[in-house]
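S.K.: take a look and give me a structure for this.
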Amino acid sequence: MVEPADVTETRAAYDLVAEDYADLLRDELTGSEYDRAMLGVFAEQIARAGGGLVGDLGCGPGRIAGYLSRLGMDVAGVDLSPRMVEVARRDHPGARFEVGSMAALPFADAELAGALAWYSIIHTPEERQGDLFAEFARVVRPGGVMLLAFQVGDDVVRITHAYGHDVELSARRQDPDRVRVRLVDAGFTPTADLIRSPVPPEKVRQGYLMARRDG
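M.R.: Model (predicted):
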């Protein structure tokens, strides 16, 4: 099967920026009480249900996986970019990391107690997002928790410079109502959502959506 051009493009861009991306966002969570609050609820709900393996899908340099690991969670991160995974393994030894695609996750059916896609659905075209969410549903066990974070909007942004490098990359802002419908169609029941105002240098509102796997 021929890899979609946008997937090849995304891998190349993140391989290029991996070190600078990690350095720039290393302490980002310390200044974002909303991020920490949503991750805290996510962690608490999984612990209340008995715990288990959590997947950080599109984990980048592992900052969210590392944070959850420090909260005592068992975390496995997956990312398309080999360079991002190298950085994640170096910087966050408390979690496991593997190179892989969100469209074909390296987990068995219902293996995960929960999963999050933290600003990682944004590079998947609209026409493939239904399949992407179905893959999320495949790996999360019934009763498991799914958490998404994304930029709010309905447009595609073409990125040509990021983290000090010239790149070619598209990012898709997400309509929260459309995301919610896709979750339901995939077999999740939305349980909470939060839309917050942008905090500079952010330019648009930020969205978080939490759901529980049906069954």
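S.K.: switch to C-alpha atoms for all contacts and neighbour counts from now on
M.R.: OK.
S.K.: how about the contacts made by residue 174?
M.R.: Contacts for residue 174 (Cα atoms under 8 Å, 6 or more residues apart in numbering) come out as 122, 150-155.
S.K.: among the residues you listed, the buried ones, what's the PyMOL command?
M.R.: What follows is the PyMOL syntax for the buried subset of the contacts of residue 174, where burial is set by 16 or more other Cα atoms under 10 Å:
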select buried, resi 122+150+151+152
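S.K.: quick one: which of the contacts of residue 174 is nearest residue 80?
M.R.: Comparing those against residue 80 with Cα to Cα places residue 122 closest, at 13.4 Å.
S.K.: so what strands line up beside the one helix or strand residue 171 maps to?
M.R.: Assigned by DSSP states H and E, residue 171 falls within strand 165-172. Strand pairing for strand 165-172, determined by DSSP bridges: strand 156-162 (antiparallel).
S.K.: what comes up buried for the partner strand?
M.R.: Residues of strand 156-162 classed as buried by neighbour count (16+ other Cα under 10 Å): residue 162.
S.K.: same question, stretch 56-71
M.R.: Residues 56-69 are the ones in stretch 56-71 that count as buried (16+ other Cα under 10 Å).
S.K.: out of those residues, which comes closest to residue 167?
M.R.: Checking the buried residues of stretch 56-71 against residue 167 by Cα to Cα gives residue 60 as the nearest, at 16.2 Å.
S.K.: got the confidence number for the closest residue to residue 35 other than its chain neighbours?
M.R.: Spatial nearest neighbour of residue 35, chain neighbours left out: residue 29 (6.6 Å); criterion: Cα to Cα, 6 or more residues apart in numbering. In this prediction, residue 29 carries a pLDDT score of 96.
S.K.: residue 29 - that's part of a strand, no?
M.R.: No: applying DSSP: H, G, I helix; E, B strand; the rest coil, one finds residue 29 to be helix, outside a strand.
S.K.: adding secondary structure, distance to residue 183 and pLDDT, write the contacts of residue 174 out as TSV.
M.R.: Output for the contacts of residue 174, formatted as TSV (DSSP: H, G, I helix; E, B strand; the rest coil; distance: Cα to Cα, whole Å; pLDDT from 0 to 100):
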residue	secondary structure	distance to residue 183	pLDDT
122	coil	15	97
150	strand	14	98
151	strand	17	98
152	strand	16	98
153	coil	18	98
154	coil	17	95
155	coil	20	95
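S.K.: all helices for this structure, in order.
M.R.: For the chain, the helices defined by DSSP state H occupy 5-25, 33-48, 63-70, 82-91, 126-139, 176-186.
S.K.: what about residue 21, distance to residue 144?
M.R.: Separation of residue 21 from residue 144 (Cα to Cα, to the nearest Å) stands at 30 Å.
S.K.: more neighbours: which of those two?
M.R.: Neighbour totals were compared for residue 21 and residue 144, and residue 144 leads with 26 against 17 (other Cα atoms under 10 Å).
S.K.: against residue 167, how distant is the more buried one?
M.R.: Taken as Cα to Cα, the span from residue 144 to residue 167 is 36 Å.
S.K.: and residue 186, by the same measure?
M.R.: Between residue 186 and residue 167 the computed distance is 33 Å (Cα to Cα).
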